[in-house]
Structure formats: structure tokens, C-alpha cells
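> Prediction below, plus the sequence it came from.
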Amino acid sequence: MFLLSGTLLLNIFGLAWEIDTPEHLGMAQTKLEEARDYALIGGGSGCIIRGGRMVMSWGDQQQKYDLYSTTKSIGGIALAFAIMDGKVDLDDRMVDHLSTAGIPPESNRDTGWLEKITLLHLATHTAGFEKTRGWCELRFEPGTGWLYSDGGTNWLADCLTVAYKRDLLDLMMERVFNPLEITIGDNRNGDEDLFWGFNNLDRPKELNGIPRRPFNAGIHANVQAMAKIGYLHLRRGRWGEHQIIPESFIDIARMTVPSILELPVKEDTQNRFGGASNHYGILWWNNNDGELSGVPRDAYWSWGLKESLIVVIPSLDLVIARAGRDGWQSNNWGSGYSVIEPFIRPICESLADRTPINKQEPTPRTASYRAQPYPQSTYISGVTFSDPILDKDINAPDYASGDQWAGTWADDGHMYMGWGDGTGFGHRRGWRDRWTSYMGLARVEGMPPNHQGFNVWGGYEPESQAGALYVNKDPQPLNLKPGDGLIFLNSTMYWYAERKSDGRLDCQLWTSTDYGRNWTDHGRFFQEDGKFAFTGVIQFGQNYSDFPCDLGQYLYMFDGGTKNEDHPHYSRTGMLLARIPLNDLLNRDAVEFFDGTPDNPSWTSDIDQAKPVFEDQNGVNAQVSCTYDKAIGRYILLTMHSVVDIKEGFGIFESEQPWGPWRTVYYTNNLNEFVPGLRVLINVSAPSKCISKDGKILWLVFSGRPSDPMYSFNLIQVKLDVGMESDADGE
């Protein structure tokens, strides 16, 4: 330890670990002391890190402690590597990696359930195994309940050991512990930072000649090693210049797994694990449901017997580590959050200037104006986004699956939404599921967030399967994607869908006269291999009723681009606009393309003469969406873009005409500014039905990644700050 410019430094990371003062970091020392004093009820050691600086510590920082079930969270990093390396998938069956898994006891074989257990079940305590850490009985059918099982996680460790055919400790030393400069010992009493041993189980110590490393317990470590692992997670798997753990795994590990939400907690007569299925991710506990009062919902932590804890709170830039020989409850350990609240909550409360947590009111967010393509709008001066409402929160546990959700408002009062590559509403399974469709249609009844979704065509148990495009059907159907090309007009639904076939990207036209139960295929419509393969049809209210008279009797659509990064059209920076006479929508020869200027609009039948109506040098990627907001007299255009080192950004633009000139309402290169935790935005749309009467509040529908929980029918409300009265006459 040495002194530099009045700040103490510890060289425990690849970079110096500063020891700072609570006052300098904006933290109340009395609150930190309150948390520390509670921790010391069980003795032991701990430290609190904010912004990469240690603000408080207690006890011997080098003393190793038995971490018990914190081993699950640390060992689970091996699962992240196995997924990244293509050795396993969470949907894989346990027995496909280890045929003898689950046996003994032999009684498990008789249940018929072993073949149903997936690695996800093992990682979320939903496989049905009893708690014991050794050979464990199956108590219920996988996926139908939640039961904390040490033995189940040990079977997961065995599957990973077989997948790698090597000692998991060697794997973790090579890819985690050595890069983090965590020293490894061969016994629990040495001076090294960490030891991973083998508990006295009734399993053999080796599996196929390879040492077994249990996940239920077995790691002994000091709190500095724990803090490093926590800091690695806080920085989304990145250590210095190296991405050690995939960000995608961090995202799913820290979030409650949608498939386990609200599952009954089994064999818990003493209510030791009450509500656990609502706040457990992949081998990490969390506060997604707000059960831990006064603590942000993005907080997540490891948790073992004797209260070994690695707490990560991204929104507060906090890492907390604590371990000891004694905890704050009896050896009859449980996950009641009231035990840890007196420790974690005061640390959060120490931050006087932090953003309010567990907030109910929308959080204003301003655009990050980095090379936005158009001047800032003076008519809509800003936006306020609500917290996102993920579909899993509404329809759990069997919430929707799919992307590209966009649709139209029909004359029966309902929204009809298309999706791609999913099962629609009411079912959440993997790509190999028999209900997975290339493209399907759902009817959405009611207003968000009190809506209900029903599969009409394709997907899980739809009202009609006539000609549905099921992925696993033999022979293979057309690979169509919905884009934003769905419109309802005068008792007919038109669907200008993207067609992927013959190495080309074209547009296929389908129609339905019975609200999507049966479809007529009219073949290829646009055949320009890229242009207008994805279409963005402008939505004009229910049954096109908000259509302005000055636009003539036409259907208007944007060229939506493509998400196929290998296709030349992906890198486009300009977007075209087309129109089709409403009385001739099946006729490709009737299409006209914009070739004028905002001040002097004109049209041509030659697509090669068309001129962009929207340009963004950062790219204009599929899928675009545009809705006419009649109450304020503006077209609201939603686009996505790619920039250097950024997978996708997002923009909202407004104009009085569909060909511009456009003005920027919101523009960001960081999707987390739009939806916290969103890594990839696949689609976003603003359904006409979901606009308030004054036009100032809109519900956006979006999907994205990480798949859990974003690959679904998700919502976020946006409030437009309209600064002047509209010029629209309301007609």
C-alpha cells in the first residue's frame, strides 16, 4: 500500500485499486458504518467498491472463507464459456451431455423425467431434484416448480466437465482467475486467494478420470478475490482490454429467467425460499421484482451459507463483498431477503444524489446528439420514456416469443401484429420447438399494458394453421419475415413480407379477407433483391381512417432495408419511399417512387430514378416504422442505425410530410439509454391504436436481445414534449 496525491492505492487489480473516502464519492459514512456493523454480527470480512474505488473495508482482507453456495455463481462462469464455445446450449438436455446424469438413485429413471431436464433447469433449480448435494431424488416434473437443489447444480458441473473433458478449475484458472490475478492454492489454509476443493459428497471425486468440481459449494476465497469477480460482472464481463465473459451471458444471468417466474416453490413448509422463482436468474439472485426494499431492481448477487455475498448494482456502480465463519441466520439457511436487507439497503441509501430507485414515474432521458442526421425538432423538443414493460411481466410464465412485432389496426377494433421466428403468444421455447414459425399473426385485444394476445395464424395453438410457415415442417415452407408491411384496408389485410430464398431478398404479397385466418399468396411483388424487401407501411389509424386528404388515394411505404449484414443493401445510408393506388394494391406496375424534393414532391415508376427521402450516414437498417399522429399533425418515424463499434442505435424523427423535411426528436448510439439492458434492437413500432387522444403519449412495441427477456412483445411508453400548437386542422 502506498500514498499517491492523498489517495491510498492497493495493487490488487490489473490497474491500481484506489481507496477513497465516502465524502469524495458522495456517500454517507454513517450509512456505510450501519451496513458494516450489521455485517460484523457474524464477524468476517468485507469491502465496498464504488466506481472502481474501495470506500470501506473491514476484517482481514486476505483471510479465506468457505463461500458455500457463492460457488454456484463463480463456477457458473464455466457455463458462460461453454455456451460461447459452442459446447452446450441452455436448452440442451442434460442426458445428451451425460447419459448417466440423475442416476443414482435408480428411482429417478422410473419417473420418465430425466430425458426432459435441460441445462437451464439445472441452472435455475427447476429440474425437480431435491436439495441434497449428493445423489438426489427427483421430486417433480422439470419446469413445473422451483426447489433449491445443490445436487442439481452439481449435475450441471458434471455436464460441463464432460463437455470440456478437463478439470473445470484448470479452465477457470486459464480464462478467469489468472487474468484477474487471483492466486490459486491446493488447500484451504494456504496464503493464496482462492481454493476450489471437493466436499465430502457421496459422489466419486472423479468423473471419467477428471476431478469433479462441485457447484453446490467448495470454493474458499478472500473478499478481495470476491470483489474482483464482482467487478468483472459490473463491467459486463470486461477486464481491462479483454472481454472475458460474454456480455450476453451477464445479461441473462442477472435477470429473472422468464420460464421460472411465479413457479411454485416446492417442499418449503417453513417458507425459507418464499418468492424465489420471481428473483432468480442463472445461478445468481436478483432484485428484479423489487422484493428488496430500498435497493435498485438491477441489483444481483451470489449468496451462500453464512452470508457469503458478492453484490453487483450496475445503476449505482457498486460492488460489495462479504464473507465470514458465521452469518446472520441459523445453519438452516434460506433466501428470505429480510436477512440481507439491513446490509445492502444502507449502502444504497448512503448515496444521497442517486437517481430514485424502484421508481414508478417515467424517467426523462435526453438524446445523446452524436452525429444525428437532422436538426433538433423545435415542435417536439424532447421525449420522456417510461420504464420498459417486458411481456414476461404480463403473461408469465408462458410469454410471447418472436421478433419484428409490427401491425395494423383493423375495423373490428383490434390490432393485428405479425412476428417472425417465434411461437407467438402463450408459449416460450427454443428454435427446434414444433410451434416455431418463420412468420405468424396475432390479434392483440385491449390497450397496453392491459392487453391480451391471441395467435390467429401460425405459432402456438393458433386459431388457424392453414398454410402456416412452421420452421420444422417438412417440406420446408417459404422463409418469410413480416417486416412492417401489414395493413388493413376495407375488409382486406395486405401483407408485404420479406422473402428470403434463392440467395435473394424480395417482397412477397399475401392477402386475407377473414382477419388473418387464411391467406392468398400472390407471389413476389418487389423483385429488386434488397430494395423494398422489408417494407415499412405508414399507419394511418384504424382502417386507414386518419389518412390526410392531400396525399391522394395511395398506400405509402418506406424501403425498410435488411438485417442481413452480408447483403449489400444492409449498408445503405438512404431510404426510399413508394406509393401504390389503394384500388390497385396487387399490381407491382402501379407502384410509384418518390424522386422529388420536400418542397417539390414528384414521382416516377422507375425505381432506379428514386431519390432518398431520409438519409443517415450512420446507416438506415431494417426495420423502420412510421405512424401518422393525427392529433399533432406529424409523421413519427422510428429508425435504427449502425455506427462504428456500436451494433445498433435508435432514432425518432418527425415531419409534416412523409417525404420530409425531417427533424430529430431523439437519437442515440447507446441502446441502454433507450431501454436499460437492451443489447440489440430488432424492431420498434408505434401502433396507431396506442396513441393518446392528444397525440402526445405513444406506446412503442419492441423486441431485441438478450433473448431473455427481450425477444418478445415488449412495451415502452414515450411522452412527446410538444412545445407549440399543431398546424393540423384535425380533419
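Great, that's in hand.
> distance from the centroid: which residue in this protein tops it?
Here the chain reaches farthest from its C-alpha mean at residue 600, the gap being 43.8 Å by C-alpha atoms, centre = their mean.
> so is residue 622 in a helix, a strand, or just coil?
Put simply, residue 622 is strand when judged by DSSP: H, G, I helix; E, B strand; the rest coil.
> number of nearby residues for it?
Neighbours of residue 622 under the rule other C-beta atoms under 10 Å: 27. C-beta coordinates here come from the backbone N, C-alpha and C atoms, glycine included.
> Would you confirm that it contacts residue 567?
No. The pair residue 622 and residue 567 does not pass the contact test of C-beta atoms under 8 Å, sitting 10.3 Å apart.
> Show me which residues of stretch 95-115 are buried.
95, 97-98, 101-102, 108, 111, 113-114 (16 or more other C-beta atoms under 10 Å).
> Please enumerate the strands of the stretch 101-250 of the chain.
194-196, 206-207, 210-211, 219-221, 238-239, 242-243 (DSSP state E, counting those that start in this stretch).
> helices or strands up against the second one?
This means strand 206-207. helix 150-164 (3 or more C-beta pairs under 8 Å, 6 or more residues apart in numbering; DSSP states H and E).
> tell me what the helix it packs on is packed against?
Judged by 3+ C-beta pairs under 8 Å, 6+ apart, helix 150-164 is in contact with helix 77-84, helix 94-97, helix 119-124, helix 168-172, strand 206-207.
> quick revisit: deepest of the strands of the stretch 101-250 of the chain, which one?
Looking across the strands of the stretch 101-250 of the chain with neighbours counted as mean count of other C-beta atoms under 10 Å, the highest average goes to strand 219-221: a mean of 29.
> secondary structure element for the closest residue in space to residue 552 that isn't next to it in sequence?
Nearest non-adjacent residue to residue 552, counting by C-beta to C-beta, 6 or more residues apart in numbering: residue 579, 8.0 Å away. Using DSSP states H and E, residue 579 maps to strand 577-581.
> Quick one: mean pLDDT for that strand?
For strand 577-581, mean pLDDT is 97.
> so after it, what's the next helix or strand?
Immediately after strand 577-581, counting by DSSP H and E, sits strand 592-594.
> related to what we said a few turns ago, out of the helices and strands packed on helix 150-164, which comes closest to residue 626?
Of all these, helix 77-84 sits nearest to residue 626, with 37.5 Å by C-beta to C-beta.
> Need the residues that contact that closest one.
88-90, 119, 123, 156-157, 160, 163-164, 168, 171-172, 175-176, 237, 245-246, 249, 253, 282-283 (C-beta atoms under 8 Å, 6 or more residues apart in numbering).
> Likewise for stretch 257-271?
120, 124, 126, 130-131, 139-140, 143-147, 273-278, 280-282, 332, 334, 336, 392, 396-397, 399, 428, 708-709, 712.
> on that earlier part again, mind telling me the two of the buried residues of stretch 95-115 farthest from one another?
97 and 111 (19.3 Å).
> so residue 414 touches residue 444, yeah?
Yes. Checked against C-beta under 8 Å, the pair residue 414 and residue 444 is within contact range at 6.4 Å.
> List the residues that contact residue 557.
Applying C-beta under 8 Å, 6+ apart, the residues near residue 557 are 485, 496, 532, 535-538, 577-580.
> On the pLDDT front, check it for me.
For residue 557, pLDDT reads 95.
> For stretch 45-56, buried residues please.
For stretch 45-56, by 16+ other C-beta under 10 Å, it's 45-50, 52-56.
> Oops, could you answer that again for stretch 477-488 instead?
477, 480-488.
> Just the ones of those residues in helices?
Counting by DSSP state H, no part of the buried residues of stretch 477-488 is found in helices.
> In JSON lines, list the residues you listed along with distance to residue 35 and pLDDT.
Below are the buried residues of stretch 477-488 laid out as JSON lines (distance: C-beta to C-beta, whole Å; pLDDT from 0 to 100):
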{"residue": "477", "distance to residue 35": "58", "pLDDT": "83"}
{"residue": "480", "distance to residue 35": "56", "pLDDT": "84"}
{"residue": "481", "distance to residue 35": "51", "pLDDT": "83"}
{"residue": "482", "distance to residue 35": "51", "pLDDT": "84"}
{"residue": "483", "distance to residue 35": "52", "pLDDT": "79"}
{"residue": "484", "distance to residue 35": "50", "pLDDT": "83"}
{"residue": "485", "distance to residue 35": "55", "pLDDT": "90"}
{"residue": "486", "distance to residue 35": "53", "pLDDT": "94"}
{"residue": "487", "distance to residue 35": "57", "pLDDT": "96"}
{"residue": "488", "distance to residue 35": "57", "pLDDT": "96"}
